[in-house]
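[1] I need the structure of the sequence given here:
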Amino acid sequence: MFKKMSTTKKALIVLVALVVFAVGLTGIVSAMSSGPVEKGDTKKDVVTKKPKYVFLFIGDGMASSQRQLGEYLLRAKTGNPEKDLTMNKFPVAGMNTTYAANTLVTDSAAAATALATGYKTDKGMIGQLPNGDAVKTLIEVARDKGLATGVISNMRLTHATPASFMAHNESRYNPNQIAEDIAESNIDFLAGGGYRHFVPKDSELGSKRKDNKNLVKAFADKGYKTFVNDPKGFRNYEPQSGDKVFAPLTYSHFPYELDRDAKKTPSLAEVTRKGIDTLAKHENGFAMMVEGGRIDYAGHANGPATVATDILAFDEAVAEAYEFYLKHPNETLIVVTGDHETGGLGLGFKNNYFLNIDALLPIKASIDSINYDGNREKTFAYIKNEFGLTDLTAEERAKIEKGMDLDDAGKKPVDHMPSFMSPVNAAVAEIVSARANLFWTTYAHSGTTVPLTAIGVGAESFGGYKDNTEVARTMAEVMNIELTSEK
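    Numbers count the residues shown, from 1 in each chain. Here you go, the predicted model:
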């Protein structure tokens, strides 16, 4: 009935089919690389060239529980049960292990060094291998390749995470030495806290230096625009082509987002936007690291509302980069991850199946803001007003009073409570967490994995279960730069 098709005709049909498939695939790839992102979208960008603009966002102390708690609080605040964090919408997702060279539970120095260099190191070391050899970071190599570079944090710039991208020291606890490294780093945009390590010891602003080195002057002498304790000047600054900026805006860390006075201290998102506006004027592109560091401190204090609110502040900074991505979708890469988990946060407690996120909504101040000075009436009034604890049970009140007794006696309820934690603060944190049906396993870090999400050019390379060193190596590969163990 049917004539047998010739071999030539078969070959021609196959060829036409392949061409049609290729054209269709090209359209799909184009749509994937430039369209807006929706949560659950598993499409991946196809790398055809290296990204011109690279963002690495690090939430210090941010693992899955912290990200999810932040998203739940966002939904409760907005009344929208489908509202998502920007970083949780990105189409590529992965998980990262975080252990250090000498411990399964890392610290920020070793974790940031791994993310910055692609190499493991011992806890406490900054930009060095365990044997003390310095190793170049992603930011340093990008700088040497002609990209503009930026490091932003709401912590002191000499703190572990930002320092690990631009300094090299045997110990994170040498901030004055680290500040000297930073002054020689030639990073184009530096903004965060901690001017105390850059101004001379006799500075009227206050200093932690033991000498009269003026590192702010060193920056100015190199042509940097400097904004020391000057948020107004920083906000009014309008970037010009070729500008370099050094902006240590606060004496120490930025305040927690719950405690931040917007008139006095810019948000992390605002600083990130200024960094983008400055670096985007460099024609060769840029590489930027942004840290949301107060998430970690909030976790150390076991403060759920403090953690969640700083997650939201961090996500607003990510949203600034995402807005930039939408304008440059075929040239931009954004990677968001954590360095480790802090607090051992659990979303759910005891033998039940619920979370009460609404218990966090009345909270207007961080756990650290409670400053018990022996005046019990004043402290209870503060707790009532700032934490919404207007209906303390007899058991809850007794818990706080026990904390006051311990504070008055100069004692701690447990040996492992860190020195910065007051028993009163710990009691309030426990009550707030219990009301929300959350719990904590530690005042320190845990060894759990952390999530990573990414979007843009080369983003698909970051998916899957990886070690934190692979994040740095993958980023170097996507950027077409080389990380080596030699500085």
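
[2] Tell me the spacing between residue 209 and residue 127.
    Separation of residue 209 from residue 127 (CB to CB, to the nearest Å): 21 Å. For the C-beta atoms, the positions are set from N, CA and C on the backbone; glycine is no exception.

[3] More neighbours: these two, which one.
    Neighbours per residue, other CB atoms under 10 Å: of residue 209 and residue 127, the larger number sits with residue 127, 27 against 20.

[4] pretty sure that one is touching residue 162, no?
    No. At 11.1 Å, residue 127 does not count as touching residue 162 under the criterion of CB atoms under 8 Å.

[5] In stretch 71-84, which residues have enough neighbours to count as buried?
    Buried residues in stretch 71-84, counted by 16 or more other CB atoms under 10 Å: 71-76.

[6] Can you add distance to residue 291 and give those back as JSON lines?
    Output for the buried residues of stretch 71-84, formatted as JSON lines (distance: CB to CB, whole Å):
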{"residue": "71", "distance to residue 291": "20"}
{"residue": "72", "distance to residue 291": "23"}
{"residue": "73", "distance to residue 291": "21"}
{"residue": "74", "distance to residue 291": "21"}
{"residue": "75", "distance to residue 291": "25"}
{"residue": "76", "distance to residue 291": "26"}
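
[7] Out of these, which is nearest to residue 269?
    residue 74 (14.3 Å; CB to CB).

[8] Assess the claim that residue 88 and residue 452 are in contact.
    No. Judged on CB under 8 Å, residue 88 makes no contact with residue 452 at a distance of 11.5 Å.

[9] So for these two, which residue has more residues nearby?
    Taking residue 88 and residue 452 together and counting by other CB under 10 Å, residue 452 has the greater number of neighbours (22 against 18).

[10] Tell me if that one really is in a strand.
    Yes. According to DSSP: H, G, I helix; E, B strand; the rest coil, residue 452 belongs to a strand.

[11] Roughly how far does it sit from residue 73?
    Counting by CB to CB - residue 452 and residue 73 are separated by 21 Å.

[12] And residue 391, by the same measure?
    From residue 391 to residue 73 the distance is 21 Å (CB to CB).

[13] got it, and residue 253?
    Taking CB to CB, one finds residue 253 at 22 Å from residue 73.

[14] Give me the below-cutoff pLDDT ranges for this structure.
    1-48, 486-487 (pLDDT under 70).

[15] and residue 439, what are its phi and psi?
    Here is the backbone geometry of residue 439 (degrees, to the nearest 10): phi -150, psi 160.

[16] wait, what's in contact with it?
    With CB atoms under 8 Å, 6 or more residues apart in numbering as the criterion, the residues that contact residue 439 are 345-346, 348-349, 433.

[17] Is it possible to mark the buried ones in those?
    345, 433.

[18] which one among the contacts of residue 439 gets closest to residue 245?
    Among these, and counting by CB to CB, the member closest to residue 245 is residue 345, at 35.2 Å.

[19] Just the CA coordinates for the longest strand anywhere in the chain, please, in CSV.
    Ranked by number of residues, the top strand in the chain under DSSP state E is strand 148-156. Provided in CSV are the C-alpha atoms of strand 148-156 (Å, rounded to 0.1, in the frame of the first residue of the first chain):
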residue,chain,number,x,y,z
ALA,A,148,35.2,47.1,39.4
THR,A,149,34.8,45.5,42.8
GLY,A,150,32.7,46.1,45.9
VAL,A,151,32.3,44.8,49.5
ILE,A,152,29.3,45.8,51.5
SER,A,153,28.2,44.7,55.0
ASN,A,154,26.0,45.9,57.9
MET,A,155,28.8,44.6,60.2
ARG,A,156,32.2,46.2,60.8
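
[20] right, and the helix or strand after it?
    helix 160-163 (DSSP states H and E).

[21] so where do the strands sit in this structure?
    Per DSSP E, the chain carries strands over the ranges 53-59, 92-97, 148-156, 189-193, 225-226, 245-250, 286-292, 332-338, 341-342, 346-347, 438-439, 445-446, 450-456, 464-467.

[22] What strands flank the second one, and is each parallel or antiparallel?
    Think strand 92-97. strand 450-456 (antiparallel), strand 464-467 (parallel) (DSSP bridges).
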